[in-house]
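# structure for this input, please:
(one chain, ligands or ions: 2)
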Amino acid sequence: MEKLFIRGGHKLRGRVQISGAKNSAVALIPAAILAASEVVLDNVPDISDVQIYTEILEDLGATVVRDNDMLRIDSSKMVAKPMPNGKIKELRASYYLMGAMLGRFGEATIGMPGGCNLGPRPIDQHIKGFEALGTVLSHERGSLHLEGKNMVGTRVYLDVVSVGATINIMLAACRAKGRTVIENAAKEPEIIDVATLLNAMGASIKGAGTDVIRIDGRQELHSCRHSIIPDRIEAGTYMIAAAATGGDVVIDNIIPRHLESLTAKLREMNVEIEEEDDAIRVRGGGDYVGIDIKTLPYPGFPTDLQQPITALLTAARGASIVTDNIYQARFKHVDHLLNMGAKIKVEGRSAVIEGPTSLYGARVTATDLRAGAALVIAGLMTEDVTEISGLTHIDRGYSNLEEKLRSLGAEMWREQHIQSAQ
Ligand SMILES: CC(=O)N[C@H]1[C@@H](OP(=O)(O)OP(=O)(O)OC[C@H]2O[C@@H](n3ccc(=O)[nH]c3=O)[C@H](O)[C@@H]2O)O[C@H](CO)[C@@H](O)[C@@H]1O
Ligand SMILES: C=C(OP(=O)(O)O)C(=O)O
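Ligands and ions are numbered 1, 2, ... in the order given. I've put the predicted structure just below:
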């Protein structure tokens, strides 16, 4: 088992380059199979979710070649084999193979997706969309079988604003006959990125980024090359880390507009922020005041930054209340922050943070991806050593985390530990 050690007490300084977005990459890779020819993606992050996705496509007969941050996906020899659990369970975004395989082959047999355990994560809205398009669903030995050889465009109203359902329905609808309209669609930048790729492949998608998306189905999609948008959650994590250490960091290769909700909240706390065209400079170290945060679908405050900002709020004067309106159980990081000296109470969907407290090093575990990010930030805030296990979660979503943080002055290293037999 690998562990990450962080010796805190260093102010982060310098510039950091943000990688391509995880939540785009894991949708664009399956989207690429809608063309039975080569699709090239640039700015692909070096994260385990991408690696596992690559292996899933290879298991299905595709050829995937990685060259630094470029990925060539040739799915011309791909076949519609069943995809039982195993790798499918290792990430959330494997659910996109439902829409993508339906679009490409008119059928899919797939196990249930995994991803971070944040409380219930149903996929009823994905299913609602597939059924509305004329897909017939059945259960086969723990897998879901979708049969949709004659999908016909239709109107789908999402009862819950869902990133995954919006993208999944878009993927299937690209190959359905006629027009599909998704109402109450999610508006996240990653959805625009997927629509941009699909349109470059010959699809006709209008309205991505608004809550009504219109898709006119096409018989065939073709090759193209596409560069993935910057990861706003990775960028936000570095912004918070810069503020948390009282540092001075320029976060490069980003779209500042995608981070407006975080920028506004950091300013409210008294963090100094300057926006440039494709960069943000964060200068910390002032007298931070406690604030309230409510997570919401985009353009609201992202749930994926709720855990990292909770670590920072331990340094703010007074009480802060962080409410997660998207996931009811996204508070597993709190117990570990308590072990590091934080004063936090979880009440229902909210965490109430009393500050300022001085955090100290402890042995903690990343229970999920952004819990891991919160603990890394907390570790940077201490004056001593923090030992973090559960690194497979962190590796799902952060490209070269240690390398990037070390280049900003952090002191951190990984060690292999043999697990003792109990
Ligand atoms: C791979 C990926 O892109 N993951 C992101 C995606 O997850 P994911 O696509 O799973 O999240 P959704 O936007 O679908 O979920 C939003 C809310 O809707 C609920 N829901 C969702 C679908 C459904 O069929 N029924 C239903 O009730 C979920 O339980 C949740 O409460 O968006 C989340 C919300 O921004 C982010 O935290 C994740 O990082
Ligand atoms: C929840 C997340 O990821 P996933 O949906 O892939 O589990 C995340 O990126 O914070």
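
# C-alpha from now on. contacts and neighbour counts both.
Noted.

# Thr196: what secondary structure?
Secondary structure assignment for Thr196 (DSSP: H, G, I helix; E, B strand; the rest coil): helix.

# could you count how many residues lie near it?
21 (other Cα atoms under 10 Å).

# what residues does the residue of the stretch 301-422 of the chain found nearest ligand 2 make contact with?
Residue of the stretch 301-422 of the chain nearest ligand 2, by Cα to the nearest ligand atom: Asp304 (4.4 Å). Residues in contact with Asp304 (Cα atoms under 8 Å, 6 or more residues apart in numbering) are 233, 370.

# any idea how far it lies from Phe331?
From Asp304 across to Phe331, the span is 12 Å (Cα to Cα, to the nearest Å).

# following the helix or strand of the chain at the bottom of the mean pLDDT ranking, which helix or strand comes up?
Least confident element among the helices and strands of the chain, by mean pLDDT, DSSP states H and E: strand 136-140 (a mean of 92). Once strand 136-140 ends, the next helix or strand along the chain (criterion: DSSP states H and E) is strand 143-147.

# quick one: pLDDT of the residue of the stretch 301-422 of the chain closest to ligand 2?
As predicted, Asp304 sits at a pLDDT of 98.

# mind checking the SS state of it?
helix.

# got a list of what the closest residue to Pro302 other than its chain neighbours touches?
Nearest-residue entry for Pro302: Thr295, 5.5 Å, with adjacent residues in sequence omitted and distances by Cα to Cα, 6 or more residues apart in numbering. Listed by Cα under 8 Å, 6+ apart, the contact partners of Thr295 are 301-303, 306, 322-326.

# ok, now Glu58?
Val64.

# the residue in the stretch 151-300 of the chain that ligand 2 sits nearest to and Ile255: what is the separation?
Across the stretch 151-300 of the chain, no residue is closer to ligand 2 than Ile233, which sits at 7.7 Å (Cα to the nearest ligand atom). According to Cα to Cα, Ile233 and Ile255 sit 11 Å apart.

# neighbour count: these two, which is higher?
Ile233 (24 against 20).

# which of the helices or strands spans the more buried one?
Applying DSSP H and E, one finds Ile233 within helix 232-244.

# for the closest residue to Val79 other than its chain neighbours, what are its contacts?
Counting by Cα to Cα, 6+ apart, Val79 lies nearest to Leu60, which is 5.8 Å off, once chain neighbours are set aside. Going by Cα under 8 Å, 6+ apart, Leu60 touches 78-81.

# by neighbours, which of these wins?
Neighbour max across those (other Cα under 10 Å) = Met78, 18 neighbours.

# just checking, that residue touches Glu38?
No - applying Cα atoms under 8 Å as the test, Met78 and Glu38 come out as separate, 11.7 Å apart.

# picking up where we left off before, which single one of the contacts of Leu60 is nearest to Ala195?
Met78 (22.6 Å; Cα to Cα).

# which SS class is the closest residue to that closest one other than its chain neighbours?
Excluding the flanking residues, the one nearest Met78 by Cα to Cα, 6+ apart is Gly61, at 4.3 Å. Judged by three-state DSSP, the three-state class of Gly61 is coil.

# neighbours of Asn339, just the number please.
That count, for Asn339 with other Cα under 10 Å as the rule, works out to 15.

# how close does it sit to Ala62?
46 Å.

# also Glu275?
Separation of Glu275 from Ala62 (Cα to Cα): 42 Å.

# again with Ala176
In terms of Cα to Cα, Ala176 sits 23 Å off from Ala62.

# which one of those two has more residues nearby?
Set Ala176 next to Ala62 and count neighbours by other Cα under 10 Å: Ala176 wins out with 27 against 22.

# pretty sure that one sits against Gly217.
Yes - here Ala176 reaches Gly217: they are 4.9 Å apart, a contact under Cα under 8 Å.

# give the closest residue to Gln328 in space, chain neighbours not counted.
Using Cα to Cα, 6+ apart, the nearest residue to Gln328 is Arg349, at 5.5 Å.

# how about Met83?
Nearest to Met83 is Ile110, by Cα to Cα, 6+ apart, at 4.6 Å.

# and what of Met412?
Nearest to Met412 is Ile6, by Cα to Cα, 6+ apart, at 4.3 Å.

# avg pLDDT for the helix or strand the one you found falls within?
Under the criterion DSSP H and E, the helix or strand holding Ile6 is strand 2-7. For strand 2-7, mean pLDDT rounds to 97.

# got it, and stretch 341-357?
Across stretch 341-357, pLDDT averages out at 97.

# also stretch 43-58?
97.

# near ligand 1 at all, that stretch?
No - if you take Cα under 6 Å from any ligand atom as the test, stretch 43-58 misses ligand 1, and the best it gets is 9.2 Å.

# if you look at that stretch, does any of it touch ligand 2?
No - for a cut-off given as Cα under 6 Å from any ligand atom, stretch 43-58 has no contacts with ligand 2; the smallest distance is 7.9 Å.

# can you give me the offset of that stretch from its chain's centre?
Relative to the centre of its chain, stretch 43-58 is centred 13 Å away, using Cα atoms, centre = their mean, to the nearest Å.
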